[in-house]
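1. Let me see the structure of the following:
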Amino acid sequence: MSPTFASLHVRNYRIYFAGALVSNVGTWMGRIAQDWVVLTQLTNHSATALGIVTALQFIPFLLLAPITGAIADRYSKRRILAITQVILALTALLGAALVLTGAAALWHFYVLALVTGLASAVDNPARQAFVSEMVPPARLPNAVALNSASFNLGRLIGPAVAGLAIAAVGTGVTLLANAFTFIAVLVALAAMKGDQLRPAPRVTGGGSVVEGLRYVSRRADIQLVLLLVFVLGTFGMNFQITIALMATTVFDKGSAEFGLLGSVMAIGSLAAALIAARRSNPRMRTLLVALAGFTVASGAAALAPTYTTFAIALAACGLTGLTAMTTANAMVQTRVLPEMRGRVMALYMAIFLGGTPVGAPVIGWIGETFGARWTIGIGTVAVGITLALVSLWLARREIVQVTYEAERRPRLRVRALPMPHALPEAAR
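-> Numbers count the residues shown, from 1 in each chain. Alright, predicted model coming up:
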């Protein structure tokens, strides 16, 4: 088997990957259908309402990160995932029922978005940390990248299927289909062999939340990654809003073309994930180059004159943005202690996804005030400025040393200071 798919040699991970792929396709179908309901059935293309729905889905990541991370480190991750999948399925089923019966109101989708966000906030750190229990440490970067490939393959298939399904059978049936795809993950979790898992040491005692925050506070390398992830997630990766606005208000397209844009972007993301799966050692240099590419690609998307050029720019955004996200995720997961992984990944997800409640309403307001193009342009500016400042900071960490050769002639040598890890266990 190709090194790109090395983790699929592991039986438990192979089963999990298959179940997660089905669920990811359904999740993206549900997201497209939800956005279409809010934009076209419950409001008159209100970017603010869509921003609020998006914010409610992600605000629990920001508020509950220390708690959900502690839950992931303290209890069985496999059991946590089973519980959250049931809750997410019931929430999707209720949304479908409201639309199919004609009883849906905007506030219903606000509440459903919040409940989905609460369940996802518990699900995500457990899901992220569970990967390390299914595969050996040497294959962890590969498994992280394949998880991203699964997610983006779902994003490639889901929006396109959703666009066609909405046009053919309506949003209610599309939402209903999403509800049933959660069963795939439940089946996969049940089919795993428990004796082949590698559970991390369970955390006991009452100080676990504080210990997780203290651990990150002493890790300058992780803090720098989290800063870059925060800016990218808050201002750069709000395509759930920006694609909808560009499709409907700038290019005057319908549901099928709207769904196709999400799939086009996912082509770039999927390519990035498969490339990342071949890397065994994620590096800061890769992260910085990917963010530079994202700045250029998102700027091109904001200025795109036609639907076609916008779609091409989105593919580049997917490639560069996903490269940055996968690299950052793998850097964090491979550099923390196993017993801290749940709490650190909860903080990572809080910073990446939890920034959305701040960014989504702001971007929605920008779209209504200054136009849809600025919803992408603000991300270009924010990521570009942050990248420049971080690169300048890293460059200034170089020092000049004077060394002497055997003949005692002085020679200047430039040496770059390494990123400080501060804790001895960082090198483990």
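
2. how about stretch 13-24: buried residues?
-> Residues of stretch 13-24 classed as buried by neighbour count (16 or more other C-beta atoms under 10 Å): 13, 15-24. Where C-beta positions appear, they are placed from N, C-alpha and C, glycine not excepted.

3. Show me how far stretch 92-112 is from its chain's centre.
-> Centroid separation for stretch 92-112 versus its chain: 25 Å, with C-alpha atoms, centre = their mean, to the nearest Å.

4. start at 456 instead
-> All set: I'll call the first residue 456, so the last point we hit is now stretch 547-567.

5. what about residue 685, distance to residue 606?
-> 20 Å (C-beta to C-beta, to the nearest Å).

6. One more: residue 719?
-> As judged by C-beta to C-beta, residue 719 and residue 606 stand 16 Å apart.

7. thinking again about what came up before, so can I have JSON lines of the buried residues of stretch 468-479 showing pLDDT, secondary structure and distance to residue 601?
-> Shown next, in JSON lines, are the buried residues of stretch 468-479 (pLDDT from 0 to 100; DSSP: H, G, I helix; E, B strand; the rest coil; distance: C-beta to C-beta, whole Å):
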{"residue": "468", "pLDDT": "94", "secondary structure": "helix", "distance to residue 601": "8"}
{"residue": "470", "pLDDT": "95", "secondary structure": "helix", "distance to residue 601": "13"}
{"residue": "471", "pLDDT": "94", "secondary structure": "helix", "distance to residue 601": "10"}
{"residue": "472", "pLDDT": "94", "secondary structure": "helix", "distance to residue 601": "6"}
{"residue": "473", "pLDDT": "94", "secondary structure": "helix", "distance to residue 601": "11"}
{"residue": "474", "pLDDT": "94", "secondary structure": "helix", "distance to residue 601": "13"}
{"residue": "475", "pLDDT": "93", "secondary structure": "helix", "distance to residue 601": "10"}
{"residue": "476", "pLDDT": "92", "secondary structure": "helix", "distance to residue 601": "10"}
{"residue": "477", "pLDDT": "93", "secondary structure": "helix", "distance to residue 601": "15"}
{"residue": "478", "pLDDT": "92", "secondary structure": "helix", "distance to residue 601": "15"}
{"residue": "479", "pLDDT": "91", "secondary structure": "helix", "distance to residue 601": "12"}
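
8. quick one: which of those residues is nearest residue 594?
-> The nearest member of the buried residues of stretch 468-479 to residue 594, counting by C-beta to C-beta, is residue 468 at 8.4 Å.

9. What residue, apart from its backbone neighbours, is nearest the closest one spatially?
-> What sits nearest to residue 468 in space, not counting adjacent residues and going by C-beta to C-beta, 6 or more residues apart in numbering, is residue 589, at 4.3 Å.

10. Show the contacting residues for that neighbour.
-> If a contact means C-beta atoms under 8 Å, 6 or more residues apart in numbering, then residue 589 has 465, 467-468, 471, 598, 647, 652-653 as its contacts.

11. ranges for the helices of the stretch 706-855 of the chain?
-> Applying DSSP state H, counting those that start in this stretch to the stretch 706-855 of the chain gives helices spanning 710-731, 739-758, 762-789, 796-808, 811-825, 828-850.

12. Tell me which of the ones you listed sits most buried.
-> Comparing the helices of the stretch 706-855 of the chain by mean neighbour count (mean count of other C-beta atoms under 10 Å), helix 796-808 ranks first with a mean of 27.

13. What helices and strands are in contact with that one?
-> With contacts defined as 3 or more C-beta pairs under 8 Å, 6 or more residues apart in numbering; DSSP states H and E, helix 796-808 has these neighbours: helix 502-529, helix 561-589, helix 663-672, helix 675-686, helix 762-789.

14. rerun at 10 Å
-> helix 502-529, helix 532-555, helix 561-589, helix 663-672, helix 675-686, helix 762-789 (3 or more C-beta pairs under 10 Å, 6 or more residues apart in numbering; DSSP states H and E).

15. of those, which approaches residue 824 most closely?
-> Nearest of the helices and strands packed on helix 796-808 to residue 824, taken as C-beta to C-beta: helix 502-529 at 9.5 Å.

16. got the angle between the closest one and helix 828-850?
-> Calculated by axes from the mean of the first three to the mean of the last three C-alpha atoms, to 10 degrees, helix 502-529 forms an angle of 40 degrees with helix 828-850.

17. follow-up on the earlier one: for the contacts of residue 589, which one is nearest residue 710?
-> residue 471 (31.9 Å).

18. List the residues that contact residue 642.
-> Listed by C-beta atoms under 10 Å, 6 or more residues apart in numbering, the contact set of residue 642 reads 470, 473-474, 477.

19. where are the low-confidence patches of this protein?
-> Along the chain, segments meeting pLDDT under 70 span 456-457, 656-664, 695, 735, 808-813, 815, 852-883.
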